[in-house]
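Colleague: Predicted model, plus sequence, below.
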Amino acid sequence: MGLFKRNPFGHILFIKKWLIRVFGALTHRRYRGFNELHIEGSDIIKDLPQTNVLFISNHQTYFADVVAMFHVFNASLKGRHDNIKNIGYLWNPKLNIYYVAAKETMQAGLLPRVLSYVGAITVERTWRAGGKDVAENEKKEVNPNDTENIKIALEDGWVITFPQGTTKSFKPVRKGTAHIIKQHKPIVVPIVIDGFRRSFDKKGLRLKKKGILQSFIIKEPLQIDYDNETIDEIVEKIEYAIEQHPSFLKVIPRETIEEMKELDRQRQWNY
């Protein structure tokens, strides 16, 4: 690899590699030490093609979720089975991993801007501004450059997206993800995470509590009829896959739901 070789977005891969190494070393104990990351299904990662893979996941913090995925993906590719032992897997990390993130989030400070260099595909959220939902008549038009950048990233490697577009549980899946799936026909791999909102603050930068068991479950790729399934059918399939369909509320104890709501209120107050 040439010293100044760049990816399709103009990022120098040598710099990106060192950023992943440094941030990986700084964050490793957050998932193996202060807290434990329980992983299932990592063997699925090793069998995926090098490009056109879309990971869909529920969302609990701004950054800790994505950082965990970088750890798990690279550990799996280096032969670790459902664990992130021995941080040596980050010495030669996979450099064509990207993640979709809100532009306003990635521009809010120096650290988010640095993390953006690691692989963020920044998009303008049409339904939220300043951390709040906007009225229907105030929604922005979709920026065509955003969808084009996701296409470029899929052609170059793997893309992580959080189709709910928020860290709040059981919010609707945005149809934009379904449109991307129909248009670009990627392999779609669902991931279900838990424990992150109890471990970290809302941004996922500050460790809030130790001794939390974090779970990270990788599921088999979705079976999708790209040509015949409707957008609504794909949206529903995504909701079930990442366990955010409204029907899941019926099997979650009321006490747990109330606890989740209270945690959301506390995070909003602290933020």
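Modeller: Structure's in. What do you need? Numbering: from 1, shown residues only.
Colleague: Which pLDDT does the model give residue 62?
Modeller: The per-residue pLDDT reported for residue 62 equals 90.
Colleague: Chain neighbours aside, what residue packs nearest to it?
Modeller: Once flanking residues are discounted, residue 62 sits nearest to residue 203: 4.7 Å by CB to CB, 6 or more residues apart in numbering. Where C-beta positions appear, they are placed from N, C-alpha and C, glycine not excepted.
Colleague: which residues does residue 41 contact?
Modeller: By CB atoms under 8 Å, 6 or more residues apart in numbering, the contact set of residue 41 is 82, 217, 218, 219, 220.
Colleague: If you could redo that for residue 116, that was the one I meant.
Modeller: By CB under 8 Å, 6+ apart, the contact set of residue 116 is 101, 106, 122.
Colleague: mind checking the SS state of residue 16?
Modeller: Counting by DSSP: H, G, I helix; E, B strand; the rest coil, the backbone at residue 16 sits in helix.
Colleague: Likewise for residue 8?
Modeller: Recorded secondary structure, residue 8: coil (three-state DSSP).
Colleague: How many neighbouring residues does it have?
Modeller: For residue 8, the neighbour count with other CB atoms under 10 Å is 13.
Colleague: hang on, it packs against residue 157?
Modeller: No. In this structure, residue 8 is not within contact of residue 157 by CB atoms under 8 Å, at 9.4 Å.
Colleague: Helices along the stretch 1-150 of the chain, start to end?
Modeller: Using DSSP state H, counting those that start in this stretch, the helices of the stretch 1-150 of the chain run over residues 13-31, 43-46, 64-77, 103-106, 110-119, 144-156.
Colleague: who wins for most neighbours among the contacts of residue 116?
Modeller: Counting neighbours by other CB under 10 Å, residue 101 leads the contacts of residue 116 with 23 neighbours.
Colleague: Now neighbour count, pLDDT and distance to residue 170 too, for the contacts of residue 41, in TSV please.
Modeller: Shown next, in TSV, are these (neighbours: other CB atoms under 10 Å; pLDDT from 0 to 100; distance: CB to CB, whole Å):
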residue	neighbour count	pLDDT	distance to residue 170
82	16	95	27
217	17	96	17
218	23	97	21
219	17	97	18
220	10	97	23
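Colleague: ok, so of those residues, who is nearest residue 247?
Modeller: Nearest to residue 247 out of the contacts of residue 41 is residue 219 (CB to CB; 17.1 Å).
Colleague: who's in contact with the closest one?
Modeller: Counting by CB under 8 Å, 6+ apart, residue 219 touches 41, 44, 189, 190, 191, 192, 241.
Colleague: Enumerate every residue touching the fourth one.
Modeller: Right, residue 190. Residue 190 is in contact with 55, 56, 57, 218, 219, 222, 238, 241, 242, counting by CB under 8 Å, 6+ apart.
Colleague: Recalculate using a threshold of 6 Å.
Modeller: Taking CB atoms under 6 Å, 6 or more residues apart in numbering, we find residue 190 in contact with 56, 219, 241, 242.
Colleague: next one: the last one
Modeller: Going by CB under 6 Å, 6+ apart, residue 241 touches 190, 222.
Colleague: low-scoring stretches of this structure, by residue?
Modeller: Filtered on pLDDT under 70, the chain yields the residue ranges 1-3, 125-144, 250-271.
Colleague: can you give me the strands for it?
Modeller: Taking DSSP state E to define them, one finds strands in the chain at 36-40, 53-57, 97-102, 120-123, 128-129, 132-133, 158-161, 187-194, 213-218.
Colleague: what number of residues lie near the nearest residue to residue 30 once chain neighbours are set aside?
Modeller: Spatial nearest neighbour of residue 30, excluding adjacent residues (CB to CB, 6+ apart): residue 207 at 6.1 Å. Residue 207 has 16 neighbouring residues, counting by other CB under 10 Å.
Colleague: Across the sheet, point out what pairs with residue 207.
Modeller: For residue 207, the beta-bridge partners are residue 200 (DSSP bridges).
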